[in-house]
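Visitor: Fold the following.
(2 chains)
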Amino acid sequence: MLAKRIITCLDIKDGRAVKGINFLNLRDAGNPVEMAKFYSENGADELVFLDISATEERRKTLADLVLKVAETISIPFTVGGGISSVEDVEILLKNGADKVSLNTSAVKNPKLITELAAKFGSQCIVVAIDAKQLHDEWIVHLLGGKVATKINLFHWAREVENRGAGEILFTSMDHDGTKNGFANIALTKLSEEVKIPLIASGGAGNINHFVDVFDEGKADAALAASVFHYKEISILELKSELKRNQIPVRL
Amino acid sequence: MKIVIIDYGAGNIQSIKFAFKRMGVEAILSDSKEEIRQADRIIFPGVGEASYAMQKLKKSGLDTVIPTLSQPVLGICLGMQLLCNSSKEGNTQGMGIFNVDVKKFEGNIKVPQIGWNNISNLKSQLFEGIPENEFMYSVHSFYAPLCAEAIATSEYGIQYASALQKNNFYGVQFHPEKSSKVGAQILSNFLNINSKK
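Guide: Numbers count the residues shown, from 1 in each chain, chains lettered A, B, ... in the order given. This next block holds a predicted model:
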């Protein structure tokens, strides 16, 4: 039976790990390769590296980091942040990333999804969608949630599926950083709209939130950062509790 | 021991090389027929689309070399599928080592299957010391149905063959190189398989 996945996200800036709180107020949280090793040995099913650097060297710094991570860990990992071309993806996959995640670049140029899926296969193309509710409608946001679009979340989810994305990573900006639980109603609706796996992100605060996101939210995977980074939740304890609640996990 | 990973431009082969490196063994990437024939162990990887990958193999002539190999060969993911009779993906003719036709997942399940699924009904030296129902990481939309050559099975909507063996040819649908310690054990078992060569 396919297990529900627990994914840890590491925000990366200039080759170092940081943790954004509500996408603001960054603070340094360690060496990303060491963190990756720790998580891969302590129950994480997958890792996501989200690069937020803005320097000219960012491409090379990120490619170097990906190579070091691939050398070190033996679980799958996804790399995202600023990916906007076939060449960007080629370098990251060649250096050992299993998947790449697109966000703003996919909204600005949806054909990129089609192109990447055709060249590298859907299995390695994740589309990350940040959205929040505006006047009762879920609206896609760009640039880490700062800029609103006019695009409806569910329409966009269907389009990225049709264009060949292999997975959707959905972050609710309304829930992110609140520690009040995931956006289970929107997630359930998403899972009715698309047939590709859904990763839920934003809102994890305690173990029950994870039980709910799988039971009520019908998510295939749940992603969190700070609750794991600040050791508020241990992944192994979380998984034991999920198992006790009859949710299939890899333990 | 000389380990060759067949490099025909299909997918993430760096990870397999690194998995062996973590075990303290070096694997080389090669598309040379000579080098492949002389290897003690051969890894036949594959990520991407079946007909495109098969085209690449044909172009290099490797499609006629691989079926003649006598040393242990391990096909991974699409590599395993290309060793089957055929695949529905792009209506591809395979190399016909495993007598089974690869189909697409259908029904009320998410496709692709992405994540950790357990492997059961384990047979063969490849799984020596591996307990039943261990979790392995897989990413795929197509699968090999249950058949006489199945040496492991998994469930995703239906029961399917998650590993196959015929003589010196082994195939796994999952990615041992991405499946933590258990995956590394399977790769190590593959290196330890008794073989004539």
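Visitor: Could you report the neighbour count for residue A:162?
Guide: As a burial measure, residue A:162 scores 12 neighbours (other C-beta atoms under 10 Å in any protein chain shown). The C-beta positions use only the backbone N, C-alpha and C, and glycine is treated the same way.
Visitor: can you pull the contacts of it?
Guide: The contact partners of residue A:162, by C-beta atoms under 8 Å, 6 or more residues apart in numbering or on different chains, come to none.
Visitor: Return the per-residue confidence for it.
Guide: Residue A:162 carries a pLDDT value of 98.
Visitor: Distance-wise, check it relative to chain B.
Guide: Per C-beta to the nearest C-beta, to the nearest Å, residue A:162 is found 14 Å from chain B.
Visitor: was I right about residue A:126 contacting residue A:103?
Guide: No - Residue A:126 is beyond contact range of residue A:103, at 9.4 Å (criterion: C-beta atoms under 8 Å).
Visitor: mind listing the helices for chain B?
Guide: Using DSSP state H, the helices found in chain B span residues B:14-22, B:33-38, B:50-60, B:62-65, B:78-82, B:180-192.
Visitor: so what secondary structure elements neighbour the longest one?
Guide: The contact analysis (3 or more C-beta pairs under 8 Å, 6 or more residues apart in numbering or on different chains; DSSP states H and E) places helix B:180-192 against helix B:14-22, strand B:134-140.
Visitor: Which strands or helices does the last one pack on?
Guide: Using 3+ C-beta pairs under 8 Å, 6+ apart as the contact test, the elements touching strand B:134-140 are strand B:113-119, helix B:180-192.
Visitor: Please list the residues of chain B that sit near chain A.
Guide: B:11-12, B:14-15, B:18-19, B:21-22, B:47-49, B:110-118, B:135, B:137, B:139-141, B:155-156, B:175, B:177-181, B:183-184 (C-beta under 8 Å from any C-beta of the partner chain).
Visitor: among these, which ones are buried?
Guide: With burial judged by 16 or more other C-beta atoms under 10 Å in any protein chain shown, the buried subset of the residues of chain B next to chain A is B:11-12, B:14-15, B:18-19, B:47-49, B:110-118, B:135, B:137, B:139-141, B:156, B:175, B:177-180, B:183-184.
Visitor: count of residues packed around residue 120?
Guide: Assuming you mean chain A. 23.
Visitor: you looked at the wrong chain, it should be chain B
Guide: For residue B:120, using other C-beta under 10 Å, the count is 14.
Visitor: these two touch, right, residue B:27 and residue B:45?
Guide: No - with contact defined as C-beta under 8 Å, residue B:27 does not count as touching residue B:45 (10.7 Å).
Visitor: which secondary element of chain A has the worst mean pLDDT?
Guide: strand A:24-30 (a mean of 47; mean pLDDT, DSSP states H and E).
Visitor: Now residue A:134: closest residue in space, sequence neighbours ignored.
Guide: residue A:148 (6.7 Å; C-beta to C-beta, 6 or more residues apart in numbering or on different chains).
Visitor: how far off helix B:14-22 does the longest helix anywhere in chain A point, in degrees?
Guide: In terms of residue count, the longest helix belonging to chain A (DSSP H) is helix A:58-72. With axes from the mean of the first three to the mean of the last three C-alpha atoms, to 10 degrees defining the directions, helix A:58-72 sits at 50 degrees from helix B:14-22.
Visitor: by contact count, what packs against helix A:58-72?
Guide: Packing contacts for helix A:58-72, counted by 3+ C-beta pairs under 8 Å, 6+ apart, involve helix A:32-41, strand A:46-51, strand A:77-80, helix A:86-94, helix B:14-22.
Visitor: can you pull the buried residues of the second one?
Guide: With burial defined by 16+ other C-beta under 10 Å, the residues of strand A:46-51 counted as buried are A:46-51.
Visitor: now those residues in TSV, with distance to chain B and pLDDT?
Guide: Compiled in TSV, the buried residues of strand A:46-51 are given as follows (distance: C-beta to the nearest C-beta, whole Å; pLDDT from 0 to 100):
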residue	distance to chain B	pLDDT
A:46	8	98
A:47	11	97
A:48	13	97
A:49	15	96
A:50	19	94
A:51	19	93
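Visitor: which one of those residues is nearest residue B:77?
Guide: residue A:46 (16.7 Å; C-beta to C-beta).
Visitor: what residues are up against that closest one?
Guide: So residue A:46 contacts A:5-8, A:75-78, A:221 (C-beta under 8 Å, 6+ apart).
Visitor: Report the entries of those that also contact chain B.
Guide: Restricting the contacts of residue A:46 to those near chain B - C-beta under 8 Å from any C-beta - leaves A:5, A:75-76, A:221.
Visitor: mind listing what's buried in the worst-scoring helix or strand of chain B on mean pLDDT?
Guide: When the helices and strands of chain B are compared on mean pLDDT, DSSP H and E, helix B:50-60 comes out lowest with a mean of 91. In terms of neighbour count (16+ other C-beta under 10 Å), helix B:50-60 has its buried residues at B:50, B:52-54, B:56-57, B:60.
Visitor: Does anything pack onto that helix? Which helices or strands?
Guide: The contact analysis (3+ C-beta pairs under 8 Å, 6+ apart) places helix B:50-60 against helix B:78-82, strand B:92-93.
Visitor: highest average neighbour count across these?
Guide: Of the helices and strands packed on helix B:50-60, the one with the most neighbours on average (mean count of other C-beta atoms under 10 Å in any protein chain shown) is helix B:78-82, at a mean of 28.
Visitor: can you list contacts of that one?
Guide: By C-beta under 8 Å, 6+ apart, helix B:78-82 touches B:6, B:10-11, B:43-48, B:50, B:53-54, B:57, B:75, B:87, B:89, B:92, B:94-95, B:98, B:102, B:140, B:142, B:144, B:163-164, B:171-173.
Visitor: if I pick the spatially most central residue of chain A, what's in contact with it?
Guide: Geometric centre of chain A, nearest residue: residue A:169, 5.0 Å, by C-alpha atoms, centre = their mean. Residue A:169 makes contact with A:48, A:101, A:126-129, A:199, A:201, A:223 under the criterion C-beta under 8 Å, 6+ apart.
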